[in-house]
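>>> below are the sequence and a predicted model; questions follow.
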Amino acid sequence: MNPAANLAFVGPMGAGKTTLGKRVAAALGLRFVDVDQQLEELTGARVPVIFDCEGEAGFRARETALIAQLCQQRGVLVATGGGAVLDPENRRRLHESAFVVHLHVGVDGQLARLARDRSRPLLACADRREKLQALAAQREPLYAQVADLRHEASGGRPDAVARRLAAIISAQWQRADTHAAA
């Protein structure tokens, strides 16, 4: 068990980090923060625009700074971007401050969920399957490295999956005091 004041969801795009995260946070009485959405609010620009203006490196620097801030808080469920685990500091911070849940979904599941989504800068390519396979090969070992729990995020309606996941987390997460410094 990882006694921690926060939860963090990691996993590939389309795994349900935001969809399930909102529901699990509500079930467990946590504040929900989606890193990508928070960055958009802070910058006033959508993620694809940040990528266009600053490149992936600029986006990742912003992401890392925000994750550092969120990891200092308590009682938060942080839904990271799919590539957040690429930075060793993000992995360290998440591991030290959160019970980390790896939401897994296979490439076929990702393709189905992201079929109409044109807002993903890394999927602005000719062969989405090939790109998702390459990202999985690079990132899956990092998700596994940082995770306290791996959960298959496919199969079922989001409400039912979130209820099951909240119950599993409740059974495995030794929650640290969330009322200390906020």
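Noted; the coordinates are in hand.

>>> report the longest strand in the protein, please.
If each strand of the chain is counted by residues according to DSSP state E, the longest one is strand 98-104.

>>> wait, what's in contact with the nearest residue to Glu96 once chain neighbours are set aside?
Spatially, and ignoring its direct neighbours in sequence, Glu96 is nearest to Cys71 (7.3 Å; CB to CB, 6 or more residues apart in numbering). C-beta coordinates here come from the backbone N, C-alpha and C atoms, glycine included. Neighbour list for Cys71: 6, 78, 93-94, 96-98 [criterion: CB atoms under 8 Å, 6 or more residues apart in numbering].

>>> can you do 7 Å?
Contact partners of Cys71, counting by CB atoms under 7 Å, 6 or more residues apart in numbering, are 93-94, 97-98.

>>> the residues you listed: which two are farthest apart?
Arg93 and Ala98 (8.3 Å; CB to CB).

>>> out of those two, which sits in the more crowded spot?
Set side by side, Arg93 and Ala98 show more neighbours around Ala98, with 27 against 22, by other CB atoms under 10 Å.

>>> who does the more buried one bridge with?
Beta bridges link Ala98 to Asn6, judged by DSSP bridges.

>>> count the neighbours of Gln73 for me.
16.

>>> just the pLDDT for it.
As predicted, Gln73 sits at a pLDDT of 95.

>>> just confirm it is within a strand.
No - judged by DSSP: H, G, I helix; E, B strand; the rest coil, Gln73 forms no part of a strand; its state is coil.

>>> can you tell me how far it is from Arg31?
Here Gln73 is placed at a distance of 8 Å from Arg31 (CB to CB, to the nearest Å).
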